[in-house]
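Asks: Quick check, what structure comes out for this input:
(4 chains)
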4 protein chains.
Amino acid sequence: MIVVMERDATEGQVADVVERLTQAGARVHRLDAERVTLGASGGSMGREHVAAMAAVAAALADSDAPPLVSRASPPSQTSPPSQTSQTSQTARTSPSSPSSPSSWREARAIQLGEASHTGPIVVAGPCSVEDEETMERIAAGVAAAGAVAIRAGAYKPRSSPYSFQGLGEEGLVRLRRAADAHGLAVVSEVLDATHIAVAARYCDVLQVGARNMHNTALLRELGRARRPVLLKRGMAATVDEWLNAAEYLASTGAEHVILCERGIRTFETSTRNTLDLNAVVVARARTHLPVLVDPSHAVGLREHVEPLSLAALAAGADGLLIEAHVDPDAATSDARQTIDMETLARITRAMRAAVGQRGVAGATAD
Amino acid sequence: MIVVMERDATEGQVADVVERLTQAGARVHRLDAERVTLGASGGSMGREHVAAMAAVAAALADSDAPPLVSRASPPSQTSPPSQTSQTSQTARTSPSSPSSPSSWREARAIQLGEASHTGPIVVAGPCSVEDEETMERIAAGVAAAGAVAIRAGAYKPRSSPYSFQGLGEEGLVRLRRAADAHGLAVVSEVLDATHIAVAARYCDVLQVGARNMHNTALLRELGRARRPVLLKRGMAATVDEWLNAAEYLASTGAEHVILCERGIRTFETSTRNTLDLNAVVVARARTHLPVLVDPSHAVGLREHVEPLSLAALAAGADGLLIEAHVDPDAATSDARQTIDMETLARITRAMRAAVGQRGVAGATAD
Amino acid sequence: MIVVMERDATEGQVADVVERLTQAGARVHRLDAERVTLGASGGSMGREHVAAMAAVAAALADSDAPPLVSRASPPSQTSPPSQTSQTSQTARTSPSSPSSPSSWREARAIQLGEASHTGPIVVAGPCSVEDEETMERIAAGVAAAGAVAIRAGAYKPRSSPYSFQGLGEEGLVRLRRAADAHGLAVVSEVLDATHIAVAARYCDVLQVGARNMHNTALLRELGRARRPVLLKRGMAATVDEWLNAAEYLASTGAEHVILCERGIRTFETSTRNTLDLNAVVVARARTHLPVLVDPSHAVGLREHVEPLSLAALAAGADGLLIEAHVDPDAATSDARQTIDMETLARITRAMRAAVGQRGVAGATAD
Amino acid sequence: MIVVMERDATEGQVADVVERLTQAGARVHRLDAERVTLGASGGSMGREHVAAMAAVAAALADSDAPPLVSRASPPSQTSPPSQTSQTSQTARTSPSSPSSPSSWREARAIQLGEASHTGPIVVAGPCSVEDEETMERIAAGVAAAGAVAIRAGAYKPRSSPYSFQGLGEEGLVRLRRAADAHGLAVVSEVLDATHIAVAARYCDVLQVGARNMHNTALLRELGRARRPVLLKRGMAATVDEWLNAAEYLASTGAEHVILCERGIRTFETSTRNTLDLNAVVVARARTHLPVLVDPSHAVGLREHVEPLSLAALAAGADGLLIEAHVDPDAATSDARQTIDMETLARITRAMRAAVGQRGVAGATAD
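Replies: Numbers count the residues shown, from 1 in each chain, chains lettered A, B, ... in the order given. Below you'll find the predicted structure:
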């Protein structure tokens, strides 16, 4: 049995639950999670009994879905109320606007984290951070196309240790500057716990790449950073494993977790990966977290990004993460799968049209 | 080099091409295809030279896409002009209406075969042929939902030799009767060359299942039957292999070949197969053949069929092949992935709405 | 429940079983298998009760392993006693020695079919049948290396309809002649039911390729031919599906079925397929049929065939099916994965040495 | 071009190479590797020219195999001479024997790291660290069976954050004590850079699990720890990616890297993973690093571990990593795939017998 305590449970209340379980014959251990969580094995006390105790939020069977991210639990478990947002807002300091915490940035980030409730959104940008002028032009294009956030890699996961590993903090500075000039939130990947503090100064949402989805040490640290996290599905991860990775984030404190399907490895060689929209519909049925799709990595060929973007939205995806550039052929990396700004704008328009039809509130308010 | 002769090439013209190639040093062999096709290796004669000879339709490099089904070649190579249709119409005898070849059936079949030019269509019905009364009710529902054809299995591919193998001809009789009562074309699977003659008496389109995509003997026989064929992708077939299987059909005479993606095998266990929409967009870029999607087998769970149907259409699929039943829980087989008529109607309405928006002529005129 | 009757069950005995099951409330249907097999659903009669009836060989739950090929059932179910062999011997006519049915050929074929009881064997030869002189040299090398049979393709499964499809009967004539000159059995693939009669005149063992493992129509016809069959695993077939395909053969009359693992499709691109020795040990635990391994197709690179051959034998494989040629670089097809005769002999010697050590009777008696 | 400098290259020599490349028109950047490594793009200077410069160890094309781990490069690049071993020996402090650096432990670790040169070795032990008494009994059994090292998890990678995450340092203390009592080296997994310092106090070889193979931040930190590392292949990693992960370790200082295949993810469900011996033979052809096989995770079923162990060795594996326990059914985790000590001893005996036959010097001298 997994016993999840209320966020405001006191140590006295925790001790009381532990004692009663122990008296009923259970062995109880406290799990390594931000919110007090107890594992209890054996004993004669039923789950409904435990659930009724003071300060207990939920008592779950071991075989149940990951409790915090599952659809059964209220979104408020991971998508927190306003006071939590304020905390996180205060904690964040922006180098570009240190004195006035830009409320629009907070709003943008929450827009991503709550995309499953407010309608689909688009995040777009180059694979790697480009030079300043190019970043400015890309940010302008991304904003004009109606995206809510810009993405670009400053820390790059590379197969070879001899490949360029990204611009690091210098890249984040450029990315933030370009984003701020155009009212965009920033999404960028961290590869390592040591990147988190730096990246959190510049990024509104921290991304975990497919290669790190199983890196539970990184997930725990990110959860403790209490910053929205975009979690890509591992290249051979099942939906179950993906949701459990999200639970690692949520159980250590992440308030907004955004899932992102980016294609899996199969026998097919005509495309870079195999976009798995089955996983998107299954995940959305099981979790209240927003589920984005990255069609760029999923197919790897720019000419196919548009129809697959529309497919992802039609399947119910809560948004798209797309590699886009003002001059795709000149992109530093992944040029083959990077679309231009015209295509990006066409995708965004189609998304809004579809949303309008369905009577859902538009994702981007401008 | 592969030399494809015109359909009306005379033996004299063929002999002339062979002689000229041989004189130029090539070894030439005649391939086993309905339309005269020559393979030439070595020799000094260039392809453009050969292409210019009398009665030569095309001269292709060995590495080129399958010539008859590739997008580069005119659809007329596989989607034949009216006189061919007449031939096939005359050849077909319907047990239910032997004296008056029902022109609507011919039209329906061609509608499927040309879906890539006329707009998306829906084929729906139960996994296996049910009893007469149920088939009548299903056909009524399928027609009311706006589908162009009904599907149901009379010859069933089963893993175990001890599982029920289908009703055979008796099933086809029921299927045809139900279809005729509601103006629907009939699509049904054949497992064996010996099924073709029987199935061709009752079906407008003959289906090759995923397990037989690599069965080139069956493909050749089906091509020679000159009947529209719906070719499912093998469960581990690459897009290249799938298009080459279609070329087997086209090269032995099939005039309408309809591709159908039905999910591939991957490591994921939360769904029956993995729907591969990448393959749909790649196949559509390479071939002029219509590409349908079977979301029922691709996901295997009825609650996910609707969003994946919409996704397939948004990706550009030329139509859907769906397992539907008036009482899904009572379906003889595959109940878990079978949708009801209300869901089917909702999918069809959404398809038409999307088509209307895009300004494409509706697929079903009624 | 599946009720398998004894081979010599009379129609009266069958009728009796059907009547008693029906009286007990079951619905009973006769399955399409050579040996009378009944499917019974519902009813109150237990399996042990049915199993005790006259002429009933076995009564199995639907979820049991395929009855005829499973390890639980006696090998005699598929590896038949001498009188059956005589029947098949008489039925077979060899064009090369019509008057004297060569008893050694019969013995060789049975050696393959019973490899799981007598010790590992090797089958080797070129991918495609080569010219007469080359075939003679290859057969000499294969025999000298200690193989029990020669393999070569006369009917070739090809992705493209324009690729060379094999020499057909002319190829089989050459293959038989070369084999007879060196005391080798012949294994060759059939793609189509129409090939069976021709191939059975020249081959001791008929092969089903990976692309046809799911072709149940072909499997049924091959079972009825009562000739030993070598059944390759499909490229994405589970072990369960593979054993069920073998049951299709056994249930329609095949007396010797030989399984052959040849690599599956995975994401890995450095080798042609992925050799799955897990499947070999799992299959051997579930069935009494011999399980061979084809390392040539499994890895696709000749330099890796030897270590993988030794690995297959160490895993318990009952033998090897290897592509070998006197001049691998000159092989008509699959040159990249074809080994030379020296390597073949080294593999065979290592196999015998290992067998000698384990104290198992040598596979090749000469 | 990638320019790898000699280990003892001076900054002056590096500067000289950079200057000459720049003058020849190349853009040069210094890569993040322990040994100075330069990336150079463009320019007119050929590789052979650069390779001839002072203090340059190698100049490689970008498409070449990872330079330090590839077979082409001398093993001394990663398997260092004695003086390096001394450094690492001095640096290491053992809590159990702080004053006398146990030379046998050093020797054992190097035995693992050089298994590709000295003959196959076995590492065995329970999935998770057990209680002290059980650990003692297991270590006794593992040593008696002839293994060179014991393995057991103190930091456990778990899908769910609520599952038991291992005993941590307390587990390492127990593991070291049991190993020391029986002359065994210790192999244990780290999940996080923060584990390295602690684990290095107790372990001779640090393991990277399949879920962290792509975790390049962890790989870099481990390389810098200059401790032998056992690197498991990722569950969907290609051989290329696996060797590049090893290069991450080698390029930041790891002197002994040991590869370990543990099964990949495929469609097959009858086993936990699919053992890929193709990858073992391909990896051994490309790298001079030892390649072990973990049959326990590769198949997941204890009854199949023995034949697959023999298969791995026959394929040329340099050793085995096996889950073994004195009472497998009582194992804390992975009981289903854990073998008993009798089976372990049988595998080890078979390994030595095979080695003896091949005339290779036995791996374990005692």
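Asks: Could you pick out the residues of chain A near chain D for me?
Replies: For chain A, the residues in contact with chain D (Cβ under 8 Å from any Cβ of the partner chain) are A:2, A:29, A:31-33, A:37, A:39, A:62, A:66, A:157-162, A:164-165, A:191-194, A:211-212, A:214-218, A:220, A:234-236, A:240-241, A:244, A:247-248, A:251-252, A:265. Just so you know, the C-beta spots here come from the backbone N, C-alpha and C atoms, and that holds for glycine as well.
Asks: Look up the closest residue to whichever residue of the stretch 1-150 of chain A sits closest to chain C, ignoring the ones flanking it.
Replies: The nearest approach of the stretch 1-150 of chain A to chain C comes at A:Cys127, 22.0 Å away (Cβ to the nearest Cβ). Spatial nearest neighbour of A:Cys127, excluding adjacent residues (Cβ to Cβ, 6 or more residues apart in numbering or on different chains): A:Asp334 at 3.8 Å.
Asks: contacting residues for the residue of the stretch 1-150 of chain A closest to chain C?
Replies: A:152-153, A:323, A:331-334, A:338 (Cβ atoms under 8 Å, 6 or more residues apart in numbering or on different chains).
Asks: would you turn those residues into JSON lines with neighbour count?
Replies: Rendered in JSON lines, the data for the contacts of A:Cys127 read as follows (neighbours: other Cβ atoms under 10 Å in any protein chain shown):
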{"residue": "A:Ala152", "neighbour count": "30"}
{"residue": "A:Gly153", "neighbour count": "25"}
{"residue": "A:Glu323", "neighbour count": "28"}
{"residue": "A:Ala331", "neighbour count": "22"}
{"residue": "A:Thr332", "neighbour count": "20"}
{"residue": "A:Ser333", "neighbour count": "18"}
{"residue": "A:Asp334", "neighbour count": "19"}
{"residue": "A:Thr338", "neighbour count": "25"}
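Asks: What about those residues, which are in strands?
Replies: A:Glu323 (DSSP state E).
Asks: roughly how far apart are the residue of the stretch 1-150 of chain A closest to chain C and chain D?
Replies: Distance of A:Cys127 to chain D, computed by Cβ to the nearest Cβ, to the nearest Å: 17 Å.
Asks: picking that back up, which of the residues of chain A next to chain D are buried? Put it as a ChimeraX command.
Replies: Buried members of these can be picked out in ChimeraX with the line below, counting by 16 or more other Cβ atoms under 10 Å in any protein chain shown:
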select /A:2,31,33,37,39,66,157,158,159,160,161,162,165,191,192,193,211,212,214,215,216,217,218,220,234,235,236,240,241,244,247,248,251,252,265
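Asks: Out of the residues of chain A next to chain D, list just those in helices.
Replies: Filtering the residues of chain A next to chain D for membership in helices, criterion DSSP state H, returns A:193-194, A:216-218, A:220, A:240-241, A:244, A:247-248, A:251.
Asks: Out of the residues you listed, give me the two with the largest separation.
Replies: A:Thr194 and A:Asp240 (29.8 Å; Cβ to Cβ).
Asks: circling back to that earlier point, now cross-check the residues of chain A next to chain D against chain B and list the overlap.
Replies: Near chain B, by the rule Cβ under 8 Å from any Cβ, you find A:236, A:240 out of those.
Asks: Would you check that A:Leu38 makes contact with A:Arg30?
Replies: Yes: between A:Leu38 and A:Arg30 there is a contact under Cβ atoms under 8 Å: 5.9 Å.
Asks: What lies in contact with stretch A:158-171?
Replies: Counting by Cβ under 8 Å, 6+ apart, A:128-129, A:152-156, A:174, A:198, A:202, D:2, D:29, D:31-33, D:37, D:39, D:62, D:66, D:216, D:220, D:240-241, D:244, D:247-248, D:251-252 sit against stretch A:158-171.
Asks: hang on, the earlier thing: next up, the contacts around the residue nearest to A:Cys127.
Replies: Counted by Cβ under 8 Å, 6+ apart, A:Asp334 has contacts A:127-128, A:296, A:323.
Asks: Which pair in the residues you listed has the greatest spatial separation?
Replies: A:Ser128 and A:Ser296 (13.0 Å).
Asks: Neighbour count for the two, which is higher?
Replies: Set side by side, A:Ser128 and A:Ser296 show more neighbours around A:Ser296, with 28 against 19, by other Cβ atoms under 10 Å in any protein chain shown.
Asks: which residues does the residue nearest to the more buried one when sequence neighbours are not counted contact?
Replies: Residue nearest to A:Ser296 in three dimensions, not counting chain neighbours: A:Glu323, with 4.0 Å by Cβ to Cβ, 6+ apart. If you count contacts by Cβ under 8 Å, 6+ apart, A:Glu323 has them with A:124-127, A:151, A:296-297, A:331, A:334, A:337-339.
Asks: what's the closest of those residues to C:Glu6?
Replies: A:His297 (59.8 Å).
Asks: how much space between that closest one and D:Met135?
Replies: 44 Å (Cβ to Cβ, to the nearest Å).
Asks: cool, and A:Ala181?
Replies: Distance from A:Ala181 to D:Met135, by Cβ to Cβ: 61 Å.
Asks: Looking at these two, which has the bigger crowd around it?
Replies: The residue with more neighbours, out of A:Ala181 and D:Met135, is D:Met135; 24 against 14, by other Cβ under 10 Å.
Asks: The nearest residue to that one once chain neighbours are set aside sits in which helix or strand?
Replies: In space, and not counting its chain neighbours, D:Met135 is closest to D:Ala178: 4.0 Å by Cβ to Cβ, 6+ apart. Here D:Ala178, judged by DSSP states H and E, is contained in helix D:169-180.
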